[in-house]
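Visitor: Below is the structure, and that's it, no one-letter string:
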């Protein structure tokens, strides 16, 4: 407690040149007391914990046209590899809500004509000291994770940190004097800090940040009589300690020769949805709409009760929109429950957790999980809110956004909230192809401007024969938000997409399938500049990839690029053919690995084998003897997966590498197997019929009668185990082949004529039975498919 | 008197805890409540420190494990205008919670209606002593009060166990009582109104397996707050509960048996995995239709302990445990036995190589039939 008294005395002394105001990000109570503090202290300057390089954005944030939620968005393209890998791309957000103390400080300073500035490390410098891709400066995690806080939660009977914070600071804080509030918060932060060692604080960049802030405070206080520092309560003791010495801005490498476009800060319009901590954004705030209402009414008598009441009514309305029968009586009950819960929990007023518990108890009238989920989903949606921020027209647009507008203009696309459609003739119209590239790039960047209705999907190899593409597009507020976020990748859409492709490529150093998918995707997006790099990357991937499946798929994709007119590119035809050859060689040399493939993967593997075979037939430079040799090796020896063995036999038979007796011997081996090996017989047949089903129709094979004998001998339990694979095995036959097969089976049993008559007789009987059952089910009113 | 009971009601079993809580309760109480909502919470969820009754330290132990917030929701519901409906799968301690709430709020937990297919309206409201009725005509002397009447007259909780097992028209007789807090007795003419005293409310329970027996009208649903009790998800917590309950039962029946923790762990793990349909290692398991609740696990261990005490030198045999588990699983349908066999063949077999106890458990598979 002595330490707290000392820190509080130093931090909260209105007579001193520097006054420290401790805050937690997005806290209405902190903002409420901050305003009182500014009024009492009347500082000449306000220093705020925020990225120093975003200081130039303060006028824009203060502009009357700017409406929260807004974000400061920073990015840094590490072209020199100062942080990590060369060309690494980093970004961070610094969100502001109406009730974020940092934002309140900025606006109040503007109102009173006080200078304000950000004093934290610049984003690039922060990254350098953290040595990782931190997406936030925010330090709420210090509040969450500490043994002290866990214990406090238990003692205060709170389910989590957020409830504890609401109880102790947001609610009780409103009834405290400002000095008492700040001191309590400082005490809390001191306890939280005690769980962290100096080493931990140094590793996560906290020490460097506190040094930077201390250096700025020292400089400013030498010039001004009264300086107010608004920063996280967690840092204040650290900063005060540093100011006993001579703090310096932490060392960072020279910035010379770094392209200016490699780092930038922008103000972005935000949304409650995005800032909601429950959506996984740790720097955000849970239930932003609830606390917005509290902030809007903070000077009223009961801001929390007002917010609870308002959100119960909003939630009930929202539930009714979803056909949930929530009545006015339920709303009254929920509000009364929240008041009673509040009294029992000994809180100053009902808060968001009393609201949640009372809505659940009062609105849910069943244990049906679907119904419960609807109420919960509506409740949390209501507490989140739909509010969107707006930016001033003066806000600087990132080059990527400018490029987007230019393209929209040049393609004569409409910017409206209404849904527009565009049908593109991909083969005949050059401009349409460019529009297609534009839409594909936006889709790849995760932008919701356009979405495809139909057209060839060359990346997934579906509907590749289609000549036209149809898109629907419409303007949404999130379009610009998304483009600003993607500014870290580059200043134009082509550059951003190409850089994003390269970043994805970095993560897949040995996966030739994924690398080839990125190549085809780049071609679909018209990214010609990326092709050379991608070809090199695929070359590297193929050489390091040891997966037959991945190499097979890579080969198929490369083949589809060479086959498709839309994707053909004269400059790269040769190099892609070279990749096909390399991929073939690598796949053949890894073919032995599929011998022991698992039951789970066998269907995929035999399909790969079949596809591989069909592709290599089209290229003379693919050495068939090499392929046949490896195939034959699969059929030799023990323990080959039955399905793979069957598929290999089928291919060998198709390529006339082996004769009918070889296949029959293999089949016989499986059908007469003992123990668990017997179950592999259906797997073998499945594999065989995938690649060489002709053998079944050879009269001399005797395969049908052999299978008949086999099926007669096995008991029902074994048959049921074999059935799934047998069903797949016979699914490869065409209707004409099935008909032919049926003839042969009938002949085997009854002789040709008699067989057909019996067959049709039995079919008629089955048809009648089905009709009777259907009519009875209809009579009973029982649903049937 | 308490020693002669097989299962004393909560107000007797925890008389001392209730007494000390009442003595030290400084919080505001709803009209006619024995304890404040805060003290009711402490009674059910326990207190870290013992409370002083004179010089005696009385420990308030935790009685309901799982969802503390649900307990709070239940308490504040009862302080209001609506009744409380506790639903959940069988064996999730709905009845126990209902009993604890009644004992703490009204000081009595025995004012109870048991819902069955044969429950009639007069079993809930009131009936008549026909001899007196014939002798003196309709009057309060001839009226035989049922739990709803008693609850309303004395301002106490009326418990309605397994409400959905009672026919819907019988359930619906609660609607007017919950709305207007008045019970009409037409036989008594213009004096035939019983207005509920403050403190009266209803706690109903229903298990989700019985939902199909008798549905509940929307009108009644609107007058109740529904709280769903989920099975305990934490294995260690479930073990603690089983141990606590088994000890209570053994003490009650005078059997001196020390609960074997390692056997208990095998039993709890088995119930936990069969109920959740997934093993601790993440393998999928076919869940039996039978109720694999904590209460059933208590019963299986208790049965096994009795066997051990009388026949097996007070040491639990794993074979007996398997026999008793089989008995529990066989309650619903014969298909369940295959599911139990499958569980032993895959999951238990794998563990049998890791410990002798699991091996003994696996060897008990022969009794599953």
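Guide: Happy to help now that I have it. If you're wondering where the values come from, they're calculated on a predicted model, not measured in any experiment.

Visitor: Spit out the contact partners of residue A:519.
Guide: Shown in contact with residue A:519 (Cβ atoms under 8 Å, 6 or more residues apart in numbering or on different chains): A:531, A:534, A:535, A:538, A:557, A:558, A:561. Yep, even glycine has a C-beta here, placed from its N, CA and C like the rest.

Visitor: Residue A:389 and residue A:624, how far apart?
Guide: According to Cβ to Cβ, to the nearest Å, residue A:389 and residue A:624 sit 63 Å apart.

Visitor: quick revisit: between the contacts of residue A:519, which is closest to chain B?
Guide: Comparing the contacts of residue A:519 against chain B with Cβ to the nearest Cβ places residue A:557 closest, at 34.1 Å.

Visitor: Can you list the buried residues in the helix or strand bottoming out on mean pLDDT in chain B?
Guide: Here the helix or strand of chain B ranked lowest by mean pLDDT, DSSP states H and E is helix B:335-343, holding a mean of 84. Counting neighbours by 16 or more other Cβ atoms under 10 Å in any protein chain shown, one finds that the buried residues in helix B:335-343 are B:336, B:337, B:339, B:340, B:341, B:343.

Visitor: Then stretch A:577-588?
Guide: Counting neighbours by 16+ other Cβ under 10 Å, one finds that the buried residues in stretch A:577-588 are A:579, A:580, A:581, A:582, A:583, A:584, A:585, A:586, A:587, A:588.

Visitor: need the contact list for the residue of the stretch 101-250 of chain A found nearest chain B.
Guide: Nearest residue of the stretch 101-250 of chain A to chain B: residue A:159, at 6.7 Å (Cβ to the nearest Cβ). Applying Cβ under 8 Å, 6+ apart, one finds that residue A:159 lies in contact with A:153, A:353, B:68, B:69.

Visitor: Could you turn the buried ones of those into a ChimeraX selection?
Guide: Here the buried members of these are turned into a ChimeraX selection, burial being counted by 16+ other Cβ under 10 Å:
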select /A:153,353 /B:69
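
Visitor: Which members of the contacts of residue A:159 occur in helices, if any?
Guide: Using DSSP state H, the subset of those located in helices is A:153, A:353, B:68, B:69.

Visitor: Pick out the lowest-pLDDT one from those residues.
Guide: Of all the ones in helices among the contacts of residue A:159, the model is least confident about residue A:153, whose pLDDT is 88.

Visitor: Which of the helices or strands spans the nearest residue in space to that one that is not next to it in sequence?
Guide: Leaving aside its chain neighbours, residue A:153 sits nearest to residue A:164 (5.1 Å; criterion: Cβ to Cβ, 6 or more residues apart in numbering or on different chains). For residue A:164, the element it lies in under DSSP states H and E is helix A:161-165.

Visitor: which is the next helix or strand following that helix?
Guide: The C-terminal neighbour of helix A:161-165 among helices and strands, as given by DSSP H and E, is helix A:178-193.

Visitor: in the helix or strand just after that next one, what counts as buried?
Guide: Sequence order places helix A:198-203 as the next helix or strand after helix A:178-193, per DSSP H and E. Judged by neighbour count using 16+ other Cβ under 10 Å, the buried positions of helix A:198-203 are residue A:201.

Visitor: from what I can see residue B:367 touches residue B:317, true?
Guide: No. No contact is recorded between residue B:367 and residue B:317 when judged using Cβ atoms under 8 Å, the distance being 10.8 Å.

Visitor: For the stretch 51-200 of chain B, what lies in contact range of chain A?
Guide: Proximity of the stretch 51-200 of chain B to chain A is assessed by Cβ under 8 Å from any Cβ of the partner chain, with B:68-69, B:72-73, B:75-77, B:79-82, B:87-88 identified as the residues in range.

Visitor: Among the residues you listed, name the buried ones.
Guide: Among those, the ones that count as buried by 16+ other Cβ under 10 Å are B:69, B:72, B:73, B:75, B:76, B:77, B:79, B:80, B:82, B:87, B:88.
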